[in-house]
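Visitor: fold the stuff below for me.
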Amino acid sequence: MISEIIERFELTLERLKTYLPERKRPYFDTIKINNIRGALVYGLRGVGKTTFLISKIADSELNFLYMSADNPTISHIPLYDLVSAIFKKGYDGVVIDEIHYANRWSEHIKALYDDFPANFIWISDSSNLILKRAVSDLSRRFVQFRIPLLSFREYLFLLTGKLFDKIDPFNLNRRIFVELKGLNVLKLFSEYIRLGIRPIFLEGEYCLRLKALLEKSIYHDIPFYVNTIQDNHLRVMNAIVGYLVSSPSPTLNISSMCSQWGIGKEKLYDLLYVAEHSELLNIVKKKSKTTYTKGAKIFLSDPSVYACFNGNKGSMREAFVVMSLKERYSIFASKNERECDFIVDGIKIEVGGKGKKLKGADFVISDEIDLPVKNKIPMWVLGFVY
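Guide: Numbering: from 1, shown residues only. All right, here's what the predicted structure looks like:
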């Protein structure tokens, strides 16, 4: 029985290798996983985790086998028995996608890691919270690698094949504007922020795919990490998403949210914590505040969700700014919104369209200009941070 399953996995892996895209995310090259015996690759659904893992298998000198733990044909087989059979067949390593679907996965992975010290075990999931739910000290055994949402720089590479240099948006090198000559950067950026934040854009029907991924995150991922979750808690998560989509620059008000959605503070904090650490949400706190205090800004982590649900354009702008800048800088919500929107490594920034005023900020980030003018920085430039 197990031998037949392994044969099916071998066939599936060959198919997956055959359909690897010609161009892969440049971010993949920054992930040095090759010599790591125990690794967790995590990130939002649709960012390319499976493509990354299959491409590493294809390029490796070691003999790996790939499997996904949500495959119904293996649900009745103990993970330890299946993987040990794979190793005994001569494989150097195994890649297990969607690891949280496997029953008692952490106990089995720990035993496999200890019992087969010469073999590689790479696992993937949507959040690094997976290791916090694992048996003690498993997190010390596994090195964590995160794959973020697609940058505008990577989007252009997947479209054109040309890879541009990374940019410090607050210390611009004018060479980038010369290199981009001939490209309608504002049109391309508009398409990217609406329909290209995840590499699934290459498959078409972006919004339909994105909505399906969002539903899977809410109904399949979040319940795994939240203790004693009930149906009304999932409805609260849906309500939060709907609220964020339509609200202009929404801020946290825990008491109001609890009252509006009929949920206790402890459970709401729990849901917000899981949603933030699963990267469904970005919560931008005020400096020196470590908890979800009133006035913290809250956004959907993927700006294209706003576009797909015809949401608030201002919130989509700010969500993109947060998504991009947090990869390189520390970012906080401003204590005085009449002065600026965010503090980024001590730099005050305001976010808006072409007519946005500087107020008390150092820079305005605008999505309607293609070149910097005085203290105005084109928003698309932030897409070159990584």
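
Visitor: quick one: the strands in this protein?
Guide: Along the chain, counting by DSSP state E, strands occupy 38-42, 64-68, 93-97, 120-125, 143-146, 281-284, 297-300, 331-333, 342-344, 347-352, 363-366, 376-378.

Visitor: number of residues surrounding the closest residue to residue 1 other than its chain neighbours?
Guide: Once flanking residues are discounted, residue 1 sits nearest to residue 77: 7.9 Å by CB to CB, 6 or more residues apart in numbering. Placement of C-beta: from N, CA and C, glycine included. Using other CB atoms under 10 Å, the number of residues around residue 77 comes to 16.

Visitor: check contacts around residue 77.
Guide: By CB atoms under 8 Å, 6 or more residues apart in numbering, the residues touching residue 77 are 1-2, 5.

Visitor: next one: the residue lying closest to residue 308 once chain neighbours are set aside from residue 301, what distance?
Guide: In space, residue 308 comes closest to residue 207 once its chain neighbours are excluded; the distance is 3.9 Å by CB to CB, 6+ apart. Distance of residue 207 to residue 301, computed by CB to CB, to the nearest Å: 17 Å.

Visitor: out of these two, which sits in the busier spot?
Guide: When neighbours are counted by other CB under 10 Å, residue 301 comes out ahead of the other of residue 207 and residue 301, with 21 against 14.

Visitor: verify the stated contact: the more buried one with residue 319.
Guide: Yes. With contact defined as CB atoms under 8 Å, residue 301 counts as touching residue 319 (7.4 Å).

Visitor: who touches both of those two?
Guide: Contact criterion CB under 8 Å, 6+ apart; residues shared by residue 301 and residue 319: residue 282.

Visitor: picking up where we left off before, so for residue 260, which of the strands of the chain sits nearest?
Guide: strand 297-300 (14.2 Å; CB to CB).

Visitor: mean confidence score for that closest one?
Guide: For strand 297-300, mean pLDDT is 96.

Visitor: where in the chain is pLDDT low?
Guide: Counting by pLDDT under 70, the ranges of the chain that qualify are 289-290.

Visitor: okay, domains of it per the record?
Guide: According to automatic domain parsing, the chain comprises the domains 2-146, 152-384.

Visitor: can you say which of the strands of the chain is nearest to residue 386?
Guide: Per CB to CB, nearest to residue 386 of those: strand 143-146, 11.6 Å.

Visitor: name every strand pairing with the closest one and say which way it goes.
Guide: strand 38-42 (parallel) (DSSP bridges).

Visitor: any idea of the angle the strand it pairs with forms with strand 120-125?
Guide: Orientation check (axes from the mean of the first three to the mean of the last three CA atoms, to 10 degrees): strand 38-42 against strand 120-125 gives 20 degrees.

Visitor: check the offset of strand 38-42 from the chain's centre.
Guide: Remark: strand 38-42 is offset 14 Å from the chain centroid, using CA atoms, centre = their mean, to the nearest Å.

Visitor: now do that strand against strand 93-97, angle only.
Guide: Put simply, strand 38-42 runs at 30 degrees to strand 93-97, going by the same axes, to 10 degrees.

Visitor: and the contacts of strand 38-42?
Guide: Contacts of strand 38-42 (CB under 8 Å, 6+ apart): 31, 33, 49, 52-53, 113, 120-128, 130-131, 141-147.

Visitor: so how far is residue 211 from residue 249?
Guide: From residue 249 to residue 211 the distance is 23 Å (CB to CB).

Visitor: higher neighbour count, the two?
Guide: Under the criterion of other CB under 10 Å, the comparison of residue 249 against residue 211 puts residue 249 first, with 17 against 13.
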